[in-house]
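Visitor: structure here, sequence nowhere to be found:
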Ligand SMILES: Nc1ncnc2c1ncn2[C@@H]1O[C@H](COP(=O)(O)OP(=O)(O)OP(=O)(O)O)[C@@H](O)[C@H]1O
């Protein structure tokens, strides 16, 4: 209800206020940092870092979009410009019709931000105290605060944690606490920077489920920065990839996998050492005793492959390894990717970090 009231007042805000129109507009935006680097005793050199370079994109109201790229690509700089923390050195930027750099305070009422690696919660205070402070800081009407708090506590399972000091919370609990804090003032857009980093599989699933519901029920626009392609796969209809501050790809995740010819890896443990598994839909890239690594296209489901192996081979265990974003982008643009020199026969399996256990194979199988 609160949103409808505010939307009504937005009619004059241009496209940012129009339902279905561009809610976030980034038009040839650039950000150049002047960096001073010491080159010797009493000597320094000025260097210009172009963190964002003629970047253009739009996000429609209610869209959930993945915003990805390798380290140093310019993602955080973009988000900081979208919140008004940084001012662009060129181009035009609007969020809900508002110029973030000029009207940061007005915009703050309409956006929420979650940084996975930093908390906005008060470290030494019980969780509920941070929420009470947010209530006052944002001047949230009492009824709306209570309604949003109840909803977040229920859906994010925070009931038993409200009286616990933030420093005693686990990473997953703290992350859920942070997400709730960002939503108490009912923002229309949520920027999430690595919201699932370091979380276990169950916590990741909870966070993703909550975000899905938030988007479906409230129509919250979400811009999601992550290194976990599963976040994108499960949440976003579209992905934008930047590198060196420039847009490199915009479209569905499947298209990114196709463009990067990325592959997932199925790690199969057999009862005993056997010749390489022969299947038309996958190729064995490594064999070590009874363990075999099979590469298959990342855009495809692992389920049929797993079923066929289980049918024909003495299977003990298996896990699915996801390609990592750096490797996908490196393949796409022909750059040597991380770990490219490490040789497994037929090409190194990508993204060992993205490994999921056999119990999580279902997560890997969703496509
Ligand atoms: N305040 C700053 N002063 C100078 N250079 C900066 C500043 N902030 C960012 N940069 C530079 O701008 C570039 C983009 O950085 P940014 O933090 O936006 O990348 P990122 O995509 O968020 O990376 P990561 O995934 O590692 O967080 C990098 O070269 C970085 O060193």
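Guide: That came in fine, so what should we check first? Note that the structure is predicted; figures quoted are calculated from it, not measured. Residues are numbered from 1 along each chain as shown.
Visitor: which regions of this protein lie under the pLDDT threshold?
Guide: Residue ranges of the chain with pLDDT under 70: 1-21, 260, 332-367.
Visitor: get me the contact residues on it for the ligand.
Guide: Contact residues, the chain versus the ligand (Cβ under 6 Å from any ligand atom): 33, 35, 49, 51, 69, 71-77. The C-beta positions use only the backbone N, C-alpha and C, and glycine is treated the same way.
Visitor: switch those residues over to TSV; also include secondary structure and neighbour count.
Guide: Below are the residues of the chain next to the ligand laid out as TSV (DSSP: H, G, I helix; E, B strand; the rest coil; neighbours: other Cβ atoms under 10 Å):
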residue	secondary structure	neighbour count
33	strand	13
35	strand	11
49	strand	13
51	strand	22
69	coil	24
71	coil	9
72	coil	13
73	coil	24
74	coil	22
75	helix	24
76	helix	16
77	helix	22
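Visitor: hmm, residue 238 is touching residue 252, no?
Guide: Yes. Counting by Cβ atoms under 8 Å, residue 238 does reach residue 252; the two are 6.4 Å apart.
Visitor: so these two - more neighbours on which side?
Guide: For residue 238 and residue 252, the more surrounded residue by other Cβ atoms under 10 Å is residue 238, and the numbers stand at 18 against 14.
Visitor: excluding sequence neighbours, find me the nearest residue to that one.
Guide: If you skip the residues right next to it in sequence, residue 238 has residue 65 as its closest partner in space, 5.1 Å away by Cβ to Cβ, 6 or more residues apart in numbering.
Visitor: what about the helices in the stretch 1-150 of the chain?
Guide: Secondary structure of the stretch 1-150 of the chain by DSSP state H, counting those that start in this stretch: the helices cover 2-8, 75-83, 104-108, 127-137, 142-155.
Visitor: deepest of those helices, which one?
Guide: helix 75-83 (a mean of 22; mean count of other Cβ atoms under 10 Å).
Visitor: return the distance of that one from the chain's centre.
Guide: Taking the mean C-alpha point of helix 75-83 and that of its whole chain, the gap between them comes to 14 Å (Cα atoms, centre = their mean, to the nearest Å).
Visitor: which residues sit against it?
Guide: With contacts defined as Cβ atoms under 8 Å, 6 or more residues apart in numbering, helix 75-83 is touched by 24, 26, 29, 31, 51-52, 55, 67-69, 86-88, 93, 95, 100-101, 104, 107-108, 111, 113, 191, 193, 223, 225, 242, 245.
Visitor: and the residues you listed, which are buried?
Guide: The neighbour-count test (16 or more other Cβ atoms under 10 Å) applied to the contacts of helix 75-83 identifies 24, 26, 29, 31, 51-52, 55, 67-69, 86, 88, 93, 95, 100, 107-108, 111, 113, 191, 193, 223, 225, 242, 245 as buried.
Visitor: in strands, which of those fall?
Guide: Mapping the buried ones among the contacts of helix 75-83 onto strands (DSSP state E) picks out 24, 26, 29, 31, 51-52, 55, 67-68, 93, 95, 111, 113, 191, 193, 223, 225, 242.
Visitor: would JSON lines of the helices of the stretch 1-150 of the chain with distance to residue 305 be doable?
Guide: Supplementary listing: the helices of the stretch 1-150 of the chain in JSON lines, determined by distance: least, Cβ to Cβ, whole Å:
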{"stretch": "helix 2-8", "distance to residue 305": "44"}
{"stretch": "helix 75-83", "distance to residue 305": "33"}
{"stretch": "helix 104-108", "distance to residue 305": "47"}
{"stretch": "helix 127-137", "distance to residue 305": "43"}
{"stretch": "helix 142-155", "distance to residue 305": "35"}
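Visitor: dump the residue contacts of the closest residue to residue 28 other than its chain neighbours.
Guide: Nearest-residue entry for residue 28: residue 91, 4.2 Å, with adjacent residues in sequence omitted and distances by Cβ to Cβ, 6+ apart. The contact partners of residue 91, by Cβ under 8 Å, 6+ apart, come to 26-30, 54-56.
Visitor: same check, this time on residue 115
Guide: The contact partners of residue 115, taken as Cβ under 8 Å, 6+ apart, are 178, 193-194.
Visitor: ok, residue 32 to residue 102 distance?
Guide: Counting by Cβ to Cβ, to the nearest Å, the gap between residue 32 and residue 102 amounts to 19 Å.
Visitor: between the two, who's got more neighbours?
Guide: residue 32 (15 against 10).
Visitor: now the more buried one, nearest residue through space, not along the chain?
Guide: In this structure, residue 32 finds its nearest non-sequential neighbour in residue 89, 4.7 Å apart by Cβ to Cβ, 6+ apart.
Visitor: that's all I had, so thanks and see you.
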